[in-house]
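Asker: what follows is a predicted structure for the sequence shown.
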Amino acid sequence: MDLSIVIVNWNVKELLAACLASVYASLEGTGLVYEVLVVDNASCDGSAEMVRERFPQVHLLANADNRGFAAANNQALAETSGRCVVLLNPDTILRGDALGTLLRFMDSTPSAGMAGPRLVYPDGRFQHSAFHFPSLAQAFFDFFPLHHRLLESRLNGRYPRSLYASGHPFAIDHPLGACMMVRRQVVEQVGDMDEQFFIYCEEVDWAMRIKRAGWDVYCVPAAEVVHYVGQSTRQFRDEMFVALWRSRFRLFAKHYGPSYNWAVRRIVRLGLWHEAEQARRQAQAGFLSPKELARRLAAYAQVREMTHTSHQSPVPSSQLSATGNRKLETGDLLRPAQGEPRLAVVVLTKNEEGNIRACLQSVGWADKLYVLDSLSTDRTVELARQAGAEVRQRPFANYADQRNAALEMFAAEWIFFVDADERGMPELGAELRRVISAGSTVGWWVPRHNYIWGRWIRHAGWYPDYQLRLLKRGFARYDPTREVHEVVILDGPEGHLQNPLIHYNYATVRQFLRRQDFYADYEASILVKQGLRPRLHNLVLQPLREFLRRYVSLQGYKDGGHGLLLSLLMAYYTFVAYWRARRI
């Protein structure tokens, strides 16, 4: 057999039909002996039924689940018999004798192991069809486009347009994966596509292995193919961004040295910072909604997490329900699709209408949002439900009791407690995803950035201010004797996170004084329960010790006037607690 054509499809029925029609039209009258195989990765748009009805001559492999692009191609490769194999995207249309032209080139060029056509957009505009292997410059230009001439240059992995215009075949590093012809002998020598690339970069990896085995790779401009460029992925750009960089990091780890990997990760971190700042400015200008901004920042945070690991494992197909031919279903990379939530955020509330919406929006990366409300009399419950949270109400006894109740009533493998005046940034969400997927740790301490009177306080005991908030259900409970400043009892090891919660602790001095007055009553009761009856010298020495601890030992002086005032106030409330303990 001369030729085997393999098409992997996911939910692009009409494009697939047009692609198949162009395949048969292109090969009609050529005299070539060929076969067409379609692998459908569990489409739900009737793609498989369309193929059966309109193209019965096609060898259809209808998968019950999504196997990914590389694995689906390998599935078909195992059943092909042509001396050359074409891997074709369903969002392509063959023009004229495109496949015959490619095959004749392969027959006339024994050194060619892989070849790709000239790709054009549907309106006939030029489309880059071949590329140099990835470089540090390309990674930089991904985030910092600079001048359009640089983007079109070899520095950015492009070949000159004059080479395409000449009509003559030219040697390249790799073709775009939309259409590739590979010699069977090459497949047998270098092996199938690496299925660890679930999506993206699999053709780059394949071309690298082919060239390393001594074969040449070409672009053949005389063969022309229309390419629609991922029409069905436009709504999934954030998830596609994560998937792209996951595969790129795997490619770099597999084929590039330590120095390259070190450098590219730092370029990516800088680029992600730049992209995040741009996204925030777009949101401020009204071009991005808060939800869009949160999703975009969450995607950037996930990629940034990848830069801190030495090797990126692929996403298993069980975690991706719709990721066939370079397509992702919304949320596949951000949250599980079925069953009990893996990670839930729980917020305890009592008349928090001023905070609850912003709080819940900031933790939208969780699989489930729960609110345990203590019979609020304002709009807290209404606003929480509008933000997508499941709300339950329960009378308030104390904090430990309320948190234990939340651990019992809310279903999730992991519970992350967030207060209404706290915010969970996307970077924290990405780190939580990472830590709950590895190891035997059952509780994680999270640092907090405490904003007091509008300023982040970095000293005087207010940072890192670790709180044990991420708990594996069934392995954690709160000490019922500690009603305020709760203590968690863990049945297993614990760890510390790097990314902080943002805590808008006290907006005004008056708010600070009210809260500390409440805590002073509680601390006084604790002293009495412990059998301590403060003496007069305690009223002097304990406040002085507290001031020196916060202002000197914990370097409160580095926070300027804020640090001094906070240290003095905390010393004063130490005095109040001891004074009240004497009067009980």
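Answerer: Looks like it came in fine. Numbering: from 1, shown residues only.
Asker: how far away is residue 467 from residue 403?
Answerer: 12 Å (CB to CB, to the nearest Å). For glycine as for every other residue, the C-beta is placed from the backbone atoms N, C-alpha and C.
Asker: all strands for the stretch 401-550 of the chain, in order.
Answerer: For the stretch 401-550 of the chain, the strands defined by DSSP state E, counting those that start in this stretch cover 414-417, 422-424, 443-446, 448-452, 455-456, 467-472, 476-478, 488-490, 494-496, 501-506.
Asker: which intervals of the stretch 351-500 of the chain have sub-threshold pLDDT?
Answerer: 483-484 (pLDDT under 70).
Asker: what's the single longest strand in the protein?
Answerer: Using DSSP state E, we find that the single longest strand of the chain is strand 216-227.
Asker: pull the distance from that strand to the chain's centre.
Answerer: Here strand 216-227 is found 34 Å from its chain centre; the criterion is CA atoms, centre = their mean, to the nearest Å.
Asker: now the end-to-end length of stretch 488-505.
Answerer: In stretch 488-505, first residue to last residue: 22 Å (CA to CA, to the nearest Å).
Asker: what comes up buried for it?
Answerer: Neighbour-count burial for stretch 488-505 flags 488, 497, 499-505 (criterion: 16 or more other CB atoms under 10 Å).
Asker: ok, now stretch 146-162?
Answerer: 150, 155-159.
Asker: which of those residues scores worst on pLDDT?
Answerer: The member of those with the lowest pLDDT is residue 150, at 84.
Asker: so how far is residue 157 from that one?
Answerer: Counting by CB to CB - residue 150 and residue 157 are separated by 11 Å.
Asker: how about residue 581?
Answerer: Taking CB to CB, one finds residue 581 at 72 Å from residue 157.
Asker: same deal with residue 166?
Answerer: 20 Å.
Asker: among the buried residues of stretch 488-505, which one lies nearest to residue 116?
Answerer: Among these, residue 499 lies closest to residue 116 (CB to CB), at 42.3 Å.
Asker: how about the contacts made by the closest one?
Answerer: Residues near residue 499 by CB atoms under 8 Å, 6 or more residues apart in numbering: 425, 427-428, 430-431, 446-447.
Asker: wait, which of these is closest to residue 191?
Answerer: Among those, and counting by CB to CB, the member closest to residue 191 is residue 430, at 33.4 Å.
Asker: quick check: the closest one touching residue 304?
Answerer: Yes. When contacts are counted by CB atoms under 8 Å, residue 430 is listed as touching residue 304 (7.3 Å).
Asker: that's a helix at residue 267, yeah?
Answerer: Yes. Assessed by DSSP: H, G, I helix; E, B strand; the rest coil, residue 267 belongs to a helix.
Asker: for residue 268, see how far away the nearest residue in space to it that is not next to it in sequence is.
Answerer: Of all residues not flanking residue 267 in the chain, residue 139 sits nearest, at 4.9 Å (CB to CB, 6 or more residues apart in numbering). From residue 139 across to residue 268, the span is 7 Å (CB to CB).
Asker: cool, residue 559 as well?
Answerer: From residue 559 over to residue 268 (counting by CB to CB), the distance is 33 Å.
Asker: again with residue 100
Answerer: Residue 100 is 42 Å from residue 268, by CB to CB.
Asker: the more surrounded of the two?
Answerer: residue 268 (22 against 19; other CB atoms under 10 Å).
Asker: list the residues that contact residue 64.
Answerer: Taking CB under 8 Å, 6+ apart, one finds residue 42 in contact with residue 64.
Asker: okay, domains of the protein per the record?
Answerer: 3-230, 233-319, 343-506, 509-583 (automatic domain parsing).
Asker: and these, which one is worst for confidence?
Answerer: domain 233-319 (a mean of 80).
Asker: thinking again about what came up before, mind picking the two most distant members of the contacts of residue 499?
Answerer: Longest span within the contacts of residue 499, CB to CB: 430 and 447, 15.6 Å.
Asker: between those two, point out the one with more neighbours.
Answerer: residue 430 (23 against 18).
Asker: tell me, how many neighbours does the residue lying closest to that one once chain neighbours are set aside end up with?
Answerer: Nearest non-adjacent residue to residue 430, counting by CB to CB, 6+ apart: residue 301, 4.1 Å away. Residues within reach of residue 301, counting by other CB under 10 Å, total 22.
Asker: quick one: contacts for residue 301?
Answerer: So residue 301 contacts 425-430 (CB under 8 Å, 6+ apart).
Asker: try 7 Å
Answerer: Going by CB atoms under 7 Å, 6 or more residues apart in numbering, residue 301 touches 426-427, 429-430.
Asker: in a markdown table: these, plus distance to residue 104.
Answerer: As requested, these are exported to a markdown table (distance: CB to CB, whole Å):
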| residue | distance to residue 104 |
| --- | --- |
| 426 | 52 |
| 427 | 53 |
| 429 | 53 |
| 430 | 50 |
